[in-house]
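> Pasted the sequence and its predicted model underneath.
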There are 2 protein chains.
Amino acid sequence: MDAFDRKILLCLQENAAEPLEAIAARVGLSASPCWRRIQKLEAQGVIQRRVALLDPDRMRVGVTVFVSVRTNRHTADWAERFCAAVVTIPEVVEFYRMSGETDYLLRIVVPDIAAYDRVYKRLIQSVDLYDVSSAFAMERIKYTTALPVTYAE
Amino acid sequence: MDAFDRKILLCLQENAAEPLEAIAARVGLSASPCWRRIQKLEAQGVIQRRVALLDPDRMRVGVTVFVSVRTNRHTADWAERFCAAVVTIPEVVEFYRMSGETDYLLRIVVPDIAAYDRVYKRLIQSVDLYDVSSAFAMERIKYTTALPVTYAE
DNA sequence: CACTCTCGCGCAATCGGCTTGCGCGAATTT
DNA sequence: AAATTCGCGCAAGCCGATTGCGCGAGAGTG
């Protein structure tokens, strides 16, 4: 991966709809080598896929809630059932197993607090949880799907 | 927004590279009305943009850290300088102002703990912070950019 | 030092899918 | 019941993605 590839990835992470020639001009190549590099990056799995990003407000999911979950049932079976239940909830857009105090961290998007409460009830009825604490986001200051390209080999 | 639009948005959020005809077949329309609906959704701003998603491991940013920040300087000027500093850090991929205990929550991606420490130092030298606590993600169980379509009007 | 081999770029032609104009039918209004 | 509007599907046109090929730079070797 050289400087050309990095520039291409920067472009595609910002705007994947841009015509190939425009990207080529931006990175300083002609269309065909630029296209071949993109194909290679896709074949290698560096580029996983292309998606459309929607406006949360227009989709009526302007409220973001971070939910910290603690459990006292540290068994593989419990974890499996909890994960299986959570991943099917469409309002849960991120879901991590954590180190430290909280065992799991969820990011949930909903239209309002009432809708969050419905998701919350769905969560606690799936499996029994030791502690669940919610923190509401007041403002989304930065949100990007673009990963830094400086670390890539 | 009707069932057709919702299906189109579901498709485009999963795979925006799919040919128009395939999307049309999936939602049960022919190519031209499908295309016109997509154009309308883009003009309305429902579809904000199309981006490429990269593999974090292949980009050497497999480590995710959530950073909770508390401040004791609750002035507009402090907030502005802090935000301006944070948004320019490419490793910070999400940045929220929160309610409750923590004032700000950051999601940071880095190759390893040493790299996180460099970002941390860059953070605390930009402005003075009252409290900073980091939580490392052990496992990314779910990550999607797809918003639920059920709430849209 | 020269020769050769390899790799990746740019050009140009081709191909496929996006884009658009138009006629038709369904649903709603008067 | 007639008229109007709205959105669908069809088919043609067009633009950009895709590919084959020749060339030149750089690395390796006699």
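Thanks, I have the structure now. Computed from a predicted model, the values in this text were never measured in an experiment. Numbers count the residues shown, from 1 in each chain, chains lettered A, B, ... in the order given.
> can you give me the helices for chain A?
Remark: helices assigned in chain A by DSSP state H are A:3-14, A:20-27, A:31-44, A:76-87, A:113-126.
> Of the ones you listed, flag the one that's most buried.
Comparing the helices of chain A by mean neighbour count (mean count of other CB atoms under 10 Å in any protein chain shown), helix A:3-14 comes out on top with a mean of 18. (C-beta placed from N, C-alpha, C; glycine too.)
> near DNA strand D at all, it?
No - against DNA strand D, helix A:3-14 shows no contacts by CB under 7 Å from any atom of the strand, the least distance being 11.6 Å.
> so what does that helix touch, helix or strand wise?
helix A:20-27, helix A:31-44, strand A:47-54, strand B:47-54 (3 or more CB pairs under 8 Å, 6 or more residues apart in numbering or on different chains; DSSP states H and E).
> what comes into contact with it?
For helix A:3-14, contacts defined as CB atoms under 8 Å, 6 or more residues apart in numbering or on different chains pick out A:18, A:23, A:26-29, A:34, A:37-38, A:41, A:46-47, A:50, A:145-147, A:149-150, A:152, B:51-54, B:59.
> that older thread, now for the helices of chain A, which one comes closest to B:Glu139?
helix A:76-87 (9.4 Å; CB to CB).
> where does chain A come near DNA strand C, residue by residue?
Residues of chain A lying close to DNA strand C (CB under 7 Å from any atom of the strand) are A:Phe4, A:Leu29, A:Ser30, A:Ala31, A:Ser32, A:Pro33, A:Arg36, A:Arg37.
> Contacts only, for the residue nearest the centre of chain A.
Taking CA atoms, centre = their mean, the centroid of chain A lies closest to A:Glu94, which sits 5.8 Å from it. Shown in contact with A:Glu94 (CB under 8 Å, 6+ apart): A:Leu105, A:Leu106, A:Arg107, B:Arg140, B:Lys142, B:Tyr143, B:Thr144.
> any idea how far it lies from B:Ala146?
In this view, A:Glu94 and B:Ala146 are 11 Å apart by CB to CB, to the nearest Å.
> could you dump the helices of chain A to TSV with mean pLDDT and distance to B:Met98?
Compiled in TSV, the helices of chain A are given as follows (pLDDT from 0 to 100; distance: least, CB to CB, whole Å):
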stretch	mean pLDDT	distance to B:Met98
helix A:3-14	98	26
helix A:20-27	97	36
helix A:31-44	97	36
helix A:76-87	96	21
helix A:113-126	96	15
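> Quick one: closest of these to B:Phe136.
Per CB to CB, nearest to B:Phe136 of the helices of chain A: helix A:76-87, 17.8 Å.
> contact partners of the closest one?
Contacts of helix A:76-87 (CB under 8 Å, 6+ apart): A:Thr71, A:Val92, A:Phe95, A:Tyr104, A:Leu106, A:Leu123, A:Ser126, A:Val127, B:Ile141, B:Lys142.
> ok so, going back, in TSV, list the helices and strands packed on helix A:3-14 along with distance to A:Cys83.
Shown next, in TSV, are the helices and strands packed on helix A:3-14 (distance: least, CB to CB, whole Å):
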stretch	distance to A:Cys83
helix A:20-27	38
helix A:31-44	29
strand A:47-54	21
strand B:47-54	21
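> got a list of what the residue lying farthest from the centre of chain A touches?
Distance from the centre of chain A peaks at A:Ser30, with 32.5 Å (CA atoms, centre = their mean). Applying CB under 8 Å, 6+ apart to A:Ser30 gives the contacts A:Ala24.
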